[in-house]
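# Curious how this folds, go ahead:
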Amino acid sequence: MERERALREELEEVPEVRPRVDVAAPELELHDAGVAKRLTAPLERGELVALEAELRRALERNEIEVHYQPIARLSDMDLAGFEALVRWRHPSLGLLAPESFLDLAEQTGMIKDIGRFVLNEATRQLGIWQRAFRPSEPVFMAVNVSASQLMDTDLVSDIRAAVTRETVYRQTLKIEVTESAVMQYPEKSASLLELVKQLGVGLACDDFGTGYSSLSSLRHLPFDTLKVDRSFVSPEAEDEKAAIILQSIVSLAHDLGLTIVAEGIEDQAQVDRLVELECDYGQGFFIGQPMTAKQVGESLTSMPYAKGHGRTAMSNLWERATHEPVPLPVETELTVDAIESAQQPLVNAGPPQSDEWKAIKAVALAIQARKPVAISSPPGSSPMAPRLVRAEPEELPGIPLSVPKPAKKPKRKTPGKKRQASKKETPEASGVA
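Numbers count the residues shown, from 1 in each chain. A predicted model of the protein is given here:
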């Protein structure tokens, strides 16, 4: 705890990690995703405030979702784990890819809130699936952490709280960071990652081969997994250099005792090639598309039945994704104008606000409230339009409060009973003088 407290004090001295914004430049360059990205010019302050409010409301309204892309064990092509991917189900723009709003989250500082939400939600689902699906090796979950989160003083405590609360298996929650994010502050990043590793959490170097690619970082940083970028997995057919680099990365990782995950697998030929190289895991649209938590949960809970029919978890996931396909996220530029333009068709698609429509709506409200209301027919309206309506209570289909009981038929007395009754009524029969 003393080491963690000292690291917290050091991180508080680090300036907040955000994209380098130059107002005069038409574009800015961001190195936080492992590769250099060309982004649009920084937003004006007014629009930035409006979009920040929109993003904050998205968190409050549960519009931020986490989808899960399967990761397969290439030796037997069975399910090994998932990578948590964030999505924004915008009410007007539809399902947005992270490229559409994570840059905005970085500029506004909301990346920490979104990252904390993804971490907690992914760990919660991992605990649920590990309890419901018990293979020989428990499934794992990979969660991405940005440079801003990496320098956040609360990251270690957030991860500790998540793994303690959900009681997941050790080394099954894996934190993914890029080389670029680590190399911004290498010494402090190494100390923080060491504390994370002591929590029983795995550490993966994401997009290896596209950032700094410093081999010395593999000696000093406590990574246990390397994720090879898709640019080396799916090169052009004549690009022999990329294939040689991929083979060298796999051999280097195995010699260092690291696990290899290949990203961006697109066909069976790439799978066969990676199996020949003895690559451990693979992911991509050929392996499995990102799915919702509901789809994954239903697929895993049906595994006992599937095993009896010779199916695997991956085949179950594919069957579920085929019957209930998840729409692909859209990568679009998030601006106020784009949101307003998308909202306009929704407004125009509403019911026509004509005089007849208003009249019908007023009648419906009057009947519901059981209040008399008079509505005059609009000039030139159809003869079927309402003219004068008085919603009397008796006109409404009422529910009877009590059902009247049918009248009882008088019981017929037998002659014997009649004689007994007449005897009781006469004084002589009762012995009264």
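# which regions of the stretch 51-200 of the chain sit below the pLDDT cut-off?
For the stretch 51-200 of the chain, the stretches with pLDDT under 70 are 135.
# Could you pull out the helices in it for me?
For the stretch 51-200 of the chain, applying DSSP state H, counting those that start in this stretch gives helices covering 102-108, 111-132, 147-150, 155-166, 179-184, 186-198.
# which of those is buried the deepest?
Counting by mean count of other CB atoms under 10 Å, helix 147-150 has the highest mean neighbour count of the helices of the stretch 51-200 of the chain, with a mean of 24. Quick note: C-beta positions are derived from backbone N, CA and C, even for glycine.
# Next one: Val261 from Cys205, what distance?
10 Å (CB to CB, to the nearest Å).
# any shared contact partners between the two?
Jointly contacting Val261 and Cys205 under the rule CB atoms under 8 Å, 6 or more residues apart in numbering are Thr225, Leu226, Lys227.
# Quick check: phi and psi at Asp207.
Backbone torsions for Asp207, taken as degrees, to the nearest 10, come to phi 50, psi 40.
# Would you confirm that it contacts Lys227?
Yes - between Asp207 and Lys227 a contact is recorded at 6.6 Å, counting by CB atoms under 8 Å.
# which of those two has more neighbours?
Each of Asp207 and Lys227 has its neighbours counted (other CB atoms under 10 Å); Lys227 has more, 26 against 22.
# which SS class is the more buried one?
With DSSP: H, G, I helix; E, B strand; the rest coil as the basis, Lys227 sits in strand.
# Isn't it up against Thr210?
No - the pair Lys227 / Thr210 is not scored as a contact, 10.5 Å apart, by CB under 8 Å.
# could you pull out the strands for this protein?
Secondary structure of the chain (DSSP state E): strands at 28-30, 37-39, 64-73, 78-90, 94-96, 140-144, 173-178, 202-208, 225-228, 259-262, 281-282.
# Can you spell out which helices and strands pack onto the last one?
Same thing as strand 281-282. With contacts defined as 3 or more CB pairs under 8 Å, 6 or more residues apart in numbering; DSSP states H and E, strand 281-282 has these neighbours: strand 64-73, strand 259-262.
# Paired strands for it, with orientation please.
Strand pairing for strand 281-282, determined by DSSP bridges: strand 64-73 (antiparallel), strand 259-262 (parallel).
# Check what contacts that strand and list those residues.
Contacts of strand 281-282 (CB under 8 Å, 6+ apart): 71-74, 80-81, 259-263, 265, 271, 274.
# which of those are buried?
71-72, 74, 80-81, 259-263, 265, 271, 274 (16 or more other CB atoms under 10 Å).
# on that earlier part again, nearest to Val118 among the shared contacts of Val261 and Cys205?
Proximity of the shared contacts of Val261 and Cys205 to Val118 was ranked by CB to CB; the top entry is Lys227 with 17.3 Å.
# Residues in a beta bridge with the closest one, which ones?
Beta-bridge partners for Lys227, by DSSP bridges, are Val261.
# check contacts around it.
Contacts of Lys227 by CB under 8 Å, 6+ apart are Glu176, Ala204, Cys205, Asp206, Asp207, Phe208, Val261, Ala262, Glu263.
# Mind doing that once more with 6 Å?
Going by CB atoms under 6 Å, 6 or more residues apart in numbering, Lys227 touches Ala204, Asp206, Val261, Glu263.
# got a pLDDT number for the first one?
Among the per-residue scores, Ala204 holds a pLDDT of 95.
# The last one too?
The predicted local distance difference test score for Glu263 is 93.
# wait, Asp78 sits on Ser315?
No - using CB atoms under 6 Å, Asp78 makes no contact with Ser315, being 9.2 Å away.
# where are the low-confidence patches of the stretch 201-350 of the chain?
With pLDDT under 70 as the threshold, the stretch 201-350 of the chain has low-confidence stretches at 211-214, 235-238, 302-311, 345-350.
# mind redoing it with 90?
For the stretch 201-350 of the chain, applying pLDDT under 90 flags the ranges 206-221, 229-246, 266-267, 297-350.
# can you pull out the helices in it?
Secondary structure of the stretch 201-350 of the chain (DSSP H, counting those that start in this stretch): helices located at 217-220, 230-233, 240-255, 268-276, 293-301, 303-308, 313-323, 336-348.
# To Thr167, which of those helices lies closest?
Closest of the helices of the stretch 201-350 of the chain to Thr167 is helix 293-301, at 17.5 Å (criterion: CB to CB).
# and stretch 144-156, C-alpha only, in PDB?
Extracted in PDB, the C-alpha atoms of stretch 144-156 (Å, rounded to 0.1, in the frame of the first residue of the first chain):
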ATOM      1  CA  ASN A 144      -8.600  -1.800 -23.300                       C
ATOM      2  CA  VAL A 145      -7.100   1.100 -21.200                       C
ATOM      3  CA  SER A 146      -6.200   4.400 -22.800                       C
ATOM      4  CA  ALA A 147      -3.200   6.600 -21.900                       C
ATOM      5  CA  SER A 148      -5.500   8.900 -19.800                       C
ATOM      6  CA  GLN A 149      -6.700   6.000 -17.700                       C
ATOM      7  CA  LEU A 150      -3.100   4.600 -17.400                       C
ATOM      8  CA  MET A 151      -2.100   7.900 -15.700                       C
ATOM      9  CA  ASP A 152      -5.200   8.000 -13.600                       C
ATOM     10  CA  THR A 153      -4.500   7.600  -9.900                       C
ATOM     11  CA  ASP A 154      -7.700   5.600  -9.400                       C
ATOM     12  CA  LEU A 155      -7.000   2.900 -12.000                       C
ATOM     13  CA  VAL A 156      -5.400   0.400  -9.500                       C
END
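# Thank you kindly, that will do.
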